[in-house]
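Asks: Pasting the sequence and the predicted coordinates here, then a few questions.
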Amino acid sequence: MPDPFSSLVAMDGVPSAFAATRDGIDSLLRDRGLRRSTPEMTADSLLLGAASSAAIEGAPYDPDGLRAGEADPLALAVARMTTELLGLVPTWNTAPLQAIARLHALVARGRVADDELGRPVSPEGARRLGTLAQAVVAPTQAPGLLVAAVVHAEIATAGAFVSDNRIVARAAERLVLVAKGVDPASLTVPEAGHRLAGAGYAKLLGEYEEGGTAGVHRWLMYAAQAYADGAEAAPVEPPKGPRRRG
């Protein structure tokens, strides 16, 4: 079976960009105490991600309010979705379409009609999600970060669901980073990286959606930087005292 991501890996500068980002993520998480990570750190990262993801869609960025359960309704809906996010990793590995549908059902519950929860409303969107699902379960030599970037962009631009496509896309991106071993404890906050990009995030998704090679290339190069920024937002403490040498 051909590698579905081989043409993207061959793009100029893409492999080195993702390799540098992965090295930075590994180093940052190791230095900040990845081996001492706790469930509370993961929960905090998920909450920060929910606050960031909702803020991208226009909600106030309010992690403290979200912790207190008094945040914007959209932020609360995204946080509700994240409580089940990591439990979907096994489903993602075997049946990614089911995982994507579940993400939409969780975040959109009470906000769209029940018969639209997790169900594509666009035939073209459904086709694109099916193609993506086949790609992500196929063997590949592509770095996990690249796969995550493609999953994000495809779900965000396919328009398969009646609502919240970009929120689902960012949640699925996290699933890939965990499933591919990039961030097994889900401590980085990729959503924060996208929030920091401001209007550039939507602009680059639009260029990706246009379908040209240049737009895809720009999205991938952008994603490498967004993941690096998301690693900087990881809610783990730096090591105390001087670093040991040698």
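Replies: Alright, I've got the coordinates. What you see is a predicted model, and the numbers here were worked out from it, not measured in a lab.
Asks: Okay, now the unreliable bits of this structure?
Replies: Filtered on pLDDT under 70, the chain yields the residue ranges 32-36, 237-246.
Asks: what's the most centrally placed residue in it in contact with, if anything?
Replies: With distances taken as Cα atoms, centre = their mean, residue 173 lies nearest the centre of the chain, 2.6 Å away. Residues counted as contacts of residue 173 (Cβ atoms under 8 Å, 6 or more residues apart in numbering) are 148, 149, 151, 152, 190. Bear in mind the C-beta positions are built from the backbone N, C-alpha and C, glycine included.
Asks: tell me which element the closest residue in space to it that isn't next to it in sequence is part of?
Replies: Using Cβ to Cβ, 6 or more residues apart in numbering and skipping residues adjacent in sequence, the residue nearest residue 173 is residue 152, 4.2 Å away. In this assignment (DSSP states H and E), residue 152 forms part of helix 144-158.
Asks: Check which helices and strands that helix sits against.
Replies: helix 6-9, helix 14-32, helix 123-137, helix 165-179, helix 199-209, helix 213-232 (3 or more Cβ pairs under 8 Å, 6 or more residues apart in numbering; DSSP states H and E).
Asks: Tell me which residues are up against that helix.
Replies: Applying Cβ under 8 Å, 6+ apart, the set of residues contacting helix 144-158 is 5, 8-9, 14, 18, 21-22, 100, 122, 124-125, 128-129, 132, 135-136, 140, 165-166, 168-170, 172-173, 176-177, 179-182, 190, 205, 208-209, 216, 219-220, 223-224, 227.
Asks: Got a ChimeraX select line for the buried ones in these?
Replies: Here is the ChimeraX selection string for the buried members of the contacts of helix 144-158, based on 16 or more other Cβ atoms under 10 Å:
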select :5,8,9,14,18,21,22,100,125,128,129,132,135,136,140,165,166,168,169,170,172,173,176,177,179,180,182,190,205,208,209,216,219,220,223,224,227
